[in-house]
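1. Sequence and predicted structure are below.
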Amino acid sequence: QVQLVEAGGRLVQPGDSLKLSCAASGAVFHSWNMAWFRQPPGKEREFVAAISGITGTTDYADSVKGRFIISRDDAVDTLYLQMNSLKPEDTGVYYCAAREPGGTYYPDAPSDYTYWGQGTQVTVSS
């Protein structure tokens with residue numbers, strides 16, 4: 001059974017940095033496509049960043065480009081999101097998502113991911 005468990009969310013101040021992690025289990029993940037999404041308060045879930053399996057190609061939402069870095073360590077089946085220069089608008093529940101390799105998909109589409117974590121809360125406030 002595939003499981004994704006996020007960790008690292010907390011209250012931080014504007015301008016701070018924070019690193020989220022997502023521990024995956026139940027499959028061999030080095031070829032899986034993975035992503036981070038977030039859900040701001042009162043809004044729909046939105047794409048943050050994605051990283052493909054095998055090639056490690058990355059993709060970012062315009063709102064986080066240049067500030068966030070997505071990475072993966074396949075040796076320990078863990079996905080990361082390094083968040084720098086955090087802003088109040090980065091507040092939300094951050095979710096890890098994964099899909100098996102193969103087929104055409106849109107990295108920024110929540111519906112194209114099969115497995116989701118439970119989420120971790122990130123609050124950026126002074």
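-> Thanks, I have it. Numbering: from 1, shown residues only.
2. what about the strands in the protein?
-> For the chain, strands defined by DSSP state E occupy the ranges 3-7, 11-12, 18-25, 33-39, 46-51, 58-60, 68-73, 78-83, 92-99, 115-116, 120-124.
3. Give me the contact list for the fifth one.
-> What that stands for is strand 46-51. 33-40, 57-61, 64, 68-72, 79, 81, 94, 107-110 (Cβ atoms under 8 Å, 6 or more residues apart in numbering). C-beta here means a position set from N, CA and C on the backbone, and glycine is covered the same way.
4. Show the buried residues in these.
-> Among the contacts of strand 46-51, those buried by neighbour count (16 or more other Cβ atoms under 10 Å) are 33-38, 58-61, 64, 68-70, 72, 79, 81, 94, 107-108, 110.
5. in this structure, which residue is closest to the centre?
-> Trp36 (1.9 Å; Cα atoms, centre = their mean).
6. Please look at that residue and Tyr94 and confirm they touch.
-> Yes. Using Cβ atoms under 8 Å, Trp36 is in contact with Tyr94, at 6.1 Å.
7. any residues in contact with both of these two?
-> Common contact partners of Trp36 and Tyr94 (Cβ under 8 Å, 6+ apart): 20, 48, 81.
8. Surely the first one and Met83 touch.
-> If I follow you right, that is Leu20. Yes. In this structure Leu20 lies within contact range of Met83 using Cβ under 8 Å: 7.1 Å.
9. between those two, what contacts are shared?
-> In contact with both Leu20 and Met83: Val122, using Cβ under 8 Å, 6+ apart.
10. which residues of this protein score low on pLDDT?
-> Of all residues in the chain, none has pLDDT under 70.
11. related to what we said a few turns ago, for the residue nearest to the centre of the chain, name its beta-bridge partners.
-> Beta-bridge partners of Trp36, counted by DSSP bridges, are Ala49, Cys96.
12. Now do the same contact list for Met34.
-> With contacts defined as Cβ under 8 Å, 6+ apart, the neighbours of Met34 are 22, 24, 50-51, 53, 72, 79, 96-99.
13. any idea how far Gly102 is from Gln121?
-> When distance is defined by Cβ to Cβ, to the nearest Å, Gln121 is 33 Å away from Gly102.
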